[in-house]
Every structure is written in C-alpha cells, then in structure tokens.
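K.L.:
just the structure for this:
(2 chains)
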Amino acid sequence: MHPHLAIILLVANLCAACGEPALQVQIPFEARFSTESISCDEQGDIMLTDLRFYVSDIQLTDTTGRAHKFDLDRDDIWQQPNLALLDLENGRGECVNGTSEVNNVLRGTITQGEYSALSFTLGVPFESNHGDPLLATAPLDDAAMHWHWRGGYKFLRTGVRDSDDSFWLHLGSTGCEGTLQNITGCKAPNRVSVELRDFVPGRDMVVVDLAELLAGDTLSDKISTDCSSGPAEENCVYAFKALGIDHATGRADGEQRVFSSALSP
Amino acid sequence: MKKGALILVGVVLIAGILYWSFADRDYQWPIAEHMPRPEVPADNQMTAAKVALGRRLFYDTRLSVGGATSCATCHIQALAFTDGKARAIGATGEVHPRGSMSLVNIAYASRLTWANPLLEHLEDQALTPMFGDNPIEMGMGGREDILIEILRTDEVYTSALPRVFPNDADPYSILNAVRAIAAFVRSIVSFNSSYDRFAAGESTAMTASAARGMDLFFSERLECFHCHGGFNFTDSTTHENSRIDRVGFHNTGLYNVGENGAYPSDNTGLYDMTGERRDMGRFRAPSLRNVGVTAPYMHDGSIATLEEVVAHYERGGRLISQGRTAGDGKRSPYKSEFIKGFELTEEERDDLIAFLLALTDEGVLKDPFLSDPFLKDH
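P.N.:
Residues are numbered from 1 along each chain as shown, chains lettered A, B, ... in the order given. Coordinates of the predicted model:
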C-alpha cells in the first residue's frame, strides 16, 4: 500500500471512531412455509430444496423517520460492505447441490440510534452484477449463484417440494443488452424492494415465507413447475407478483409479500 | 576474456528473449495463409502448450459430477463435435432443451450457442456447461473445490499449468482451466472440405452434381446464402480483421404454435433473452460446414435428415397439424423474409444435398491433434 494512502485510511478510521460509537447489529433470517419453519432435512409435509439470495442496500430507519445505511462487516465469505449472500439451506436432505455452510444472519454496524424499520433490496446492484465471476470476490465468487446464461447473478434461487410435486424459482435480471463483460443495461432488472415497517433490530428477525411465493401454484397438481425469470414462462407471473414485480416489465408493481418481520425466538 | 564473457552474456540474453517471445507465439493456425485468423482475446493468446492442456481438459471426465462426462461427451470429433442427439443429455441425465452445436470453426462465431446475444467469448460460454444447473450439463456448480483439487494433483496438469501460465502466482485456477479449454476449442478449425478444394481451383474436388448444388445454394431463388453465407456458411461470423459486429438470428418458420407465432415455451430463441415479441423463434444460423455428419437438425433436433431440412425450406415453413405444438410455420408472423419457399426438381434436390455433403472436411473429423488424449493411456 502506498504510505500516503495508509495515513489517509488511518485518519479516516480515527474520525469514524471520534463520533458516536457505531452500533453492532445482527439481522437474523428464517425460512418458513406459511406459519411453520421449513428445512431441507427435517421431515415435514413441505421440504425446502434450496434458498439462497443476495441482499444489498440495507437501511434501518430510526424512530424519527430517518434512514441510515447499514454497513455490512466484510468477512470474505458472505459479506461485502453493501452486499451479502444469505444461504438458508444446509445441503442435506432435499437440498441436493446445496452447501453444508449456512449463513442466516446479516452482521454489520450502524450509527447509534433507535430503529423501527428495515429496508433492503433483494438482488445484486447493477454495477456488481455483470463482471467476470471467475475474477469476482466473495460473495460473488459462488458459481452456483452466477447465471452465466443470463449474464449476471441469480438474485434468488429457491424451491420447495412435497412427496409428489415441486416448484423452483431462479430470479435475476433478464433482457440484458450488450455482451458479457460489457452489459449496458437490462430491460427487466427484477430486483425486489423490501420494506419492513415494523422491525426493531435485536428484537426482530426477517421471515421468508415460501408459501406466499408459490401461492399461485399450489403443490397439488403433481406437475413440477419452475420459473427461471424468462419472458415466456407463465409460471413466473404469480411468483413475481408475490415479490412485488410485474413479470412483463421486471419493474416494481405493488408490495412484496414474501418477506416479513417477526419476533426473534 | 572479459569482452568474450560480455558477448556471451549478450548472446544468451538475446537468445533468451527470442525464445521467450517465440514460446509465447508458437501456435500455428492449421489453415492456409489467405484465410483470416480468428479473433483471440488479448488475455488468452494461443500457445501450443495451452492448446494441448485444453485438449486434455476437454476430454477429462473428472470435470463432471459423476465423473463420466466431459466436454467431448456432447462434442464428439467424428460428428464434427456434435453428439448425434436431438437434444443434449447432461451428466445427471437431464435433457437439455436444445441440441449440441458443432465446435468446428467456432472460433469464427460472433456469438455462441443457439440464441444468446450476450455470449461472445468461449471463456464466458464454457462456464454455462460447467457450472450451470438449469439444465445441469457437467454439474460442477458448487464443486469448484473438486475441480481445483484435480488441477493441483494430476501430474499432467501440475506440470503444464505453471508452464502455460508462468505469470500466475497460483496457476491452478478455474479461470486458467477455462482459458485452456477455450484455446483448444478455438484450435478446431477446418477449411479442407471438397468444397474448399474446389473453390481453390481443384475442379475435380466436387462432383458435377455438387457444383450444380452450389449454384442453387447461392441463388436468389433458394436464398440459402443470406443466412448461411460467407467462408464459414453463417452470417454470425467474425475474425481478426472484422470491423463490424455481424450477428444474425432468424425465425425459419419451424413452429407457429396456436397460429400466433409462438415457439414451444422452453425454446423461444432470442425472445427468451430479450423479451421482445419480434424475437420469437429467432435462432443463430449455425455454420453448415460438416452438416452431413451433424444430424439431427435445428435447435431442437426436430428434423432428422438433410432431405427433410430441404423439404422444410422448400415449403417455406413447417406444418405441424396436431398436438401441443400444432400450427403452420409458413404463416408465422415472425418468419424471416428469406424463408419464402421454392420448388425443386428431384435432380436439383439431389444436387443441393450433394453440395451440402461436400462441406464435410474428413480431416477435422480424424485430426489426431483434436482426438482424445486419454485413449493413448490405455
């Protein structure tokens, strides 16, 4: 490192420390199917087959209504300062091709204060979404999350199954233009904006309800369905709607119903 | 004495620099001088050692889940690096929506695969079959550690990787494996069919029938050459001197589901990437080189023989009278303007097919430099 840069960084660090001490915050996530928790390997009527997703632009809103940036700790596995990969599957049971490592908590810091709401984006920011995955740093170095075919990342990959039916979803930007390494934009960004208006850090957790995601499908027709965000895929319409996205445009359309807050156990 | 030593040092230095620079550029394209060279990414120049390394990786079944599938499973040399199947089958038995494309002269393709406008370089494309899971092809997503372990422990790779990538602190990376595979695939070039020899002035290289077929192929009456034109018989062609990005995707009237122009939902072509209705059923025109050995035809292998392919274009679209994909492709609103239909006599049909068969280069199908290096071990 250049010595001047080191000094500047040192000064910046000192100044960050000279204001109010930052608050260490953990934001836990839990997967559910309706009211029940759902997992890959604990026997239930509905089993999880996958649940991994990226979140970015995390903000907590204080009780005066002001939004503050939540700075994720960099850990070289799951988190960069503005991007985290949550992995709620454990590679066991029905989660074939999963990983044994689990990451169900966002860890970071925020200015001291009293907070009452949480917001984040489900997805990778455009600037980070279209680089070479083989040169990317964690958590963008996960080949299972990269979507070479569509030129970006899978923002969300999830699925559930019962004894004779299943549903899975791969969500990511589509209609991208340019060529790989030189993507200029995507017609359907398919990023999900999540706002949890009653969320107190330390008290609450984020619940991911997969029943909401596939309420339009029902696991009762014995026909496995899937959605990989393509424009011709009718199976995507309801799942996208549950995520607050219009499948036809890839833009926000109403409020998402999949993420909600609940008291931490 | 001192002077002599100085000269010696100088000579050694110059020899070293010369060797070093030639070692970097020792790859010779196996094509005639007048043919344009393929465009090669600046960060993945061709070397003979890299191509040899890539060849072994290409044929290495350990790079797949289950250990029985390699790139060559779906890209068989004797079939011009296709697999003879209507639709490819991955390492776990999953059936791909589309068929394996030929790799011959893929170095000249301006875009890769059947209908992905984003894929320009083999280094990017290779990641889909290796790590993609929808469908699973080689199934290595989440198994990167296993891949690296093979690179680190296999004797051939531990010897080759540091030599091929001497500037890398750690050459045992997926990136380098992918670069080597891409270099090998780029080396699969071929311009030595009967047609090529005929075009170079060897008048007996093609039969009279094939020569008549060539005239038909390049005629405005049949229009074949609009999409399958140029030295590589596809309009999506690029090379080191190209200044224009030439890419063609075409709807050939293969489907017209529900008579509204739709294609089956798992194979909508360019539409799946762009979401633009006008892109429904548009696929990249593949090179027709070696088309005699790449059956079955079309993106989904839905036409079995060359005779039936010609019949499809004669009619100007395919009629499917019943079933889930029923519809008359001839009336598709998205069909290419060049698919107008034409009439051929029996003899003309035979001539056209004789010409298509003359595009086969027997040499590339047997070239020992492109064959499976593992077979020698047994």
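
K.L.:
neighbours of A:P81, how many?
P.N.:
By the criterion of other Cβ atoms under 10 Å in any protein chain shown, A:P81 has 13 neighbours. Bear in mind the C-beta positions are built from the backbone N, C-alpha and C, glycine included.

K.L.:
and it, how far from A:P189?
P.N.:
22 Å (Cβ to Cβ, to the nearest Å).

K.L.:
quickly find the element holding A:I77.
P.N.:
Under the criterion DSSP states H and E, no helix or strand holds A:I77.

K.L.:
who are the neighbours in contact with it?
P.N.:
A:101, A:103, A:138-139 (Cβ atoms under 8 Å, 6 or more residues apart in numbering or on different chains).

K.L.:
how near is A:R74 to chain B?
P.N.:
Separation of A:R74 from chain B (Cβ to the nearest Cβ, to the nearest Å) stands at 21 Å.

K.L.:
so who does that residue touch?
P.N.:
A:80-81.

K.L.:
so it belongs to a helix, correct?
P.N.:
No - under DSSP: H, G, I helix; E, B strand; the rest coil, A:R74 falls outside any helix and is assigned coil.

K.L.:
quick one: pLDDT of it?
P.N.:
Per-residue pLDDT puts A:R74 at 96.

K.L.:
likewise for the one 4 residues further on?
P.N.:
What the model reports as pLDDT for A:W78 is 98.

K.L.:
go ahead and confirm it touches A:L85.
P.N.:
Yes - with contact defined as Cβ atoms under 8 Å, A:W78 counts as touching A:L85 (5.2 Å).

K.L.:
which intervals of the stretch 251-378 of chain B have sub-threshold pLDDT?
P.N.:
Applying pLDDT under 70 to the stretch 251-378 of chain B picks out residues B:377-378.

K.L.:
show me what from it comes close to chain A.
P.N.:
Contacts of the stretch 251-378 of chain B with chain A, taken as Cβ under 8 Å from any Cβ of the partner chain, map to B:262, B:265, B:268, B:271-275.

K.L.:
residues contacting the closest residue to B:S332 other than its chain neighbours?
P.N.:
Closest residue to B:S332 apart from its sequence neighbours, by Cβ to Cβ, 6 or more residues apart in numbering or on different chains: B:N256 at 4.1 Å. When contacts are counted by Cβ under 8 Å, 6+ apart, B:N256 touches B:262, B:317, B:327-332.

K.L.:
of those, closest to B:F231?
P.N.:
Comparing those against B:F231 with Cβ to Cβ places B:G317 closest, at 28.5 Å.

K.L.:
ok but the closest one is inside a strand, no?
P.N.:
No - according to three-state DSSP, the state of B:G317 is coil, so it is not within a strand.

K.L.:
which of the contacts of A:I77 count as buried?
P.N.:
Applying a neighbour-count criterion of 16 or more other Cβ atoms under 10 Å in any protein chain shown, the buried members of the contacts of A:I77 are A:103, A:139.

K.L.:
in TSV, list the contacts of B:N256 along with secondary structure.
P.N.:
Formatted as TSV, the contacts of B:N256 follow (three-state DSSP):
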residue	secondary structure
B:A262	strand
B:G317	coil
B:G327	strand
B:D328	strand
B:G329	helix
B:K330	helix
B:R331	helix
B:S332	coil
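
K.L.:
follow-up on the earlier one: turn the residues of the stretch 251-378 of chain B next to chain A into a markdown table, including secondary structure.
P.N.:
As requested, those are arranged in a markdown table below (three-state DSSP):
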| residue | secondary structure |
| --- | --- |
| B:A262 | strand |
| B:S265 | coil |
| B:T268 | coil |
| B:Y271 | helix |
| B:D272 | helix |
| B:M273 | helix |
| B:T274 | helix |
| B:G275 | coil |
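
K.L.:
closest to A:G244 among those?
P.N.:
Closest to A:G244 out of those is B:G275 (18.8 Å), distances taken as Cβ to Cβ.

K.L.:
these two touch, right, the closest one and A:G175?
P.N.:
Yes - in terms of Cβ under 8 Å, B:G275 counts as a neighbour of A:G175; the distance is 4.5 Å.

K.L.:
quick revisit: which among the contacts of B:N256 count as buried?
P.N.:
Buried members of the contacts of B:N256, scored by 16+ other Cβ under 10 Å, are B:262, B:317, B:327-330, B:332.

K.L.:
spatially, which two of those are the most separated?
P.N.:
Greatest spacing in these, by Cβ to Cβ: B:A262 and B:K330 (15.0 Å).

K.L.:
what's the closest of the contacts of B:N256 to A:T184?
P.N.:
The nearest member of the contacts of B:N256 to A:T184, counting by Cβ to Cβ, is B:A262 at 28.4 Å.
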